[in-house]
Each structure stands twice: as C-alpha cells, then as structure tokens.
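Enquirer: When you get a sec, could you give me coordinates for this:
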Amino acid sequence: MFMAMVKLENLSKGYLVTLCFLLFIDYLSKIIALNYIEVLQQNDFLPLIDFLIVFNSGIAFSFLDLNNFVSRYILLIIVFFITMYFLKIFLDEKDNLKKKSFLLIIAGALGNFIDRLPDGVVTDFLHFKPFDFSLFIFNFADAYITIGAVIFIFSELILLKSKNESKN
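Expert: Down below sits the predicted model:
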C-alpha cells in the first residue's frame with residue numbers, strides 16, 4: 001500500500017541520501033545530548049544557545065504537553081499521518097526549492113517521530129535564550145521543520161510576487 005503511494009521516480013538518490021543524513025545528525029545529536037548533558041542542568045555553549053535537556057510529550061513549544069499515555073500516542077499517530085501527507089506532497093512537487101523545504105519538514109517530523117516511539121517523548125536540548133531571556137528549547141529536528149517552513153513560505157511569496165509582476 002505504502003509503495004503504491006510512493007512514486008519512486010520522484011525520489012532521487014540525492015534526496016534520499018540527504019534525508020538519511022539529516023535523520024542521522026538529529027539522532028546522533030540526541031544520543032550525545034542524553035549521554036553528556038544532565039537533565040534540567042543548564043550548560044553554557046554559545047551566547048544565544050546553551051544546553052538544557054527536557055523531555056517534551058507535546059508538540060512545538062510544548063503545546064499539548066499533557067504528559068499522559070493517551071495524548072503521547074495519539075500525537076504519535078497524528079504525526080505519522082501528517083508526515084505521510086508531506087511525503088506525498090514532496091513526491092508530487094515539481095519546484096526544486098519547495099521540494100527541499102518539504103524534505104526538511106519530513107526529516108524533522110521523522111526525527112521527532114523516531115525519538116517519540118519508545119516512550120512518547122521527544123528530547124529537546126538546545127536552549128535559545130537571547131539576552132538571558134528563555135524563549136524555547138528545541139532539537140535539530142525542530143530546526144529542520146522551522147527552516148523548511150520558512151523556505152516554503154518565502155518560495156510562495158516569491159511565486160506570488162512573480163505572478164503579480166507578470167499581470168502588470
């Protein structure tokens with residue numbers, strides 16, 4: 001069933017290698033964080049980012065972090081179907097920039113999905129704190145999703161601008 005959905009001619013080796021590389025970086029970074037950073041102990045790293053491990057049973061910015069069995073695994077199922085939807089969009093997309101944005105989003109969603117599988121939580125460890133003001137804690141998969149979404153929005157704005165210019 002899944003293979004019928006996947007149009008293999010639209011999944012080049014380059015995209016597949018990039019996806020695997022992004023997943024590897026995310027997974028490796030979480031393993032390193034878990035092995036070398038103590039939970040809830042802040043460690044200075046860069047002026048804007050330090051290390052602080054937290055376990056998020058919700059989604060972005062701990063939204064829906066109800067920390068119970070049902071919400072954890074319902075989110076897992078929802079994330080799986082959303083990821084499959086983005087995979088279908090990726091495979092159907094013709095624009096290279098949009099394909100790259102969807103690839104980042106898929107890599108981030110899969111990275112957090114894989115992390116959530118064993119215990120229903122995602123490991124976040126990069127603490128963004130400009131001017132010592134704590135904004136959020138994230139991981140590489142979250143960064144992939146955010147960067148992918150920003151690239152997609154900009155590509156849509158560029159497309160909209162070019163359509164408006166062609167009308168004039």
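Enquirer: Can you list phi and psi of Leu117 for me?
Expert: Taking degrees, to the nearest 10, you get phi -50, psi -50 for the backbone angles of Leu117.
Enquirer: is it true that it touches Val79?
Expert: No. Leu117 lies out of contact with Val79 (CB atoms under 8 Å); the separation is 10.3 Å. Where you see a C-beta, it was placed from the backbone N, CA and C, and this is true even at glycine.
Enquirer: Show me what the longest helix belonging to the chain is packed up against.
Expert: Secondary structure of the chain read by DSSP state H shows that its longest helix is helix 140-167. Counting contacts by 3 or more CB pairs under 8 Å, 6 or more residues apart in numbering; DSSP states H and E, helix 140-167 is packed against helix 13-36, helix 96-116, strand 122-128.
Enquirer: what sits up against whichever helix or strand comes after the shortest one?
Expert: Later in the chain than strand 122-128, the nearest helix or strand by DSSP states H and E is strand 136-138. Defining contact as CB atoms under 8 Å, 6 or more residues apart in numbering, one finds that strand 136-138 is touched by Leu52, Val54, Asn56, Phe61, Asp124, Phe125, Leu126, His127, Phe128, Thr146.
Enquirer: Mind listing what's buried along strand 136-138?
Expert: Buried residues in strand 136-138, counted by 16 or more other CB atoms under 10 Å: Ile137, Phe138.
Enquirer: List the neighbouring strands of it plus their orientation.
Expert: Here strand 136-138 is paired, per DSSP bridges, with strand 122-128 (antiparallel).
Enquirer: buried ones in the partner strand?
Expert: Across strand 122-128, burial judged by 16+ other CB under 10 Å covers Val122, Thr123, Asp124, Phe125, Leu126, His127.
Enquirer: Among these, which one lies nearest to Thr83?
Expert: Using CB to CB, Val122 is the member of the buried residues of strand 122-128 that sits closest to Thr83, with 13.9 Å.
Enquirer: which residues touch that closest one?
Expert: Counting by CB under 8 Å, 6+ apart, Val122 has contacts Phe55, Asn56, Ser57, Asn112, Asp115, Arg116, Asn139, Ala141.
Enquirer: correct me, but the first one touches Val121?
Expert: Spelled out, it's Phe55. Yes. Look at Phe55 against Val121 with CB under 8 Å: they come within range, at 4.1 Å.
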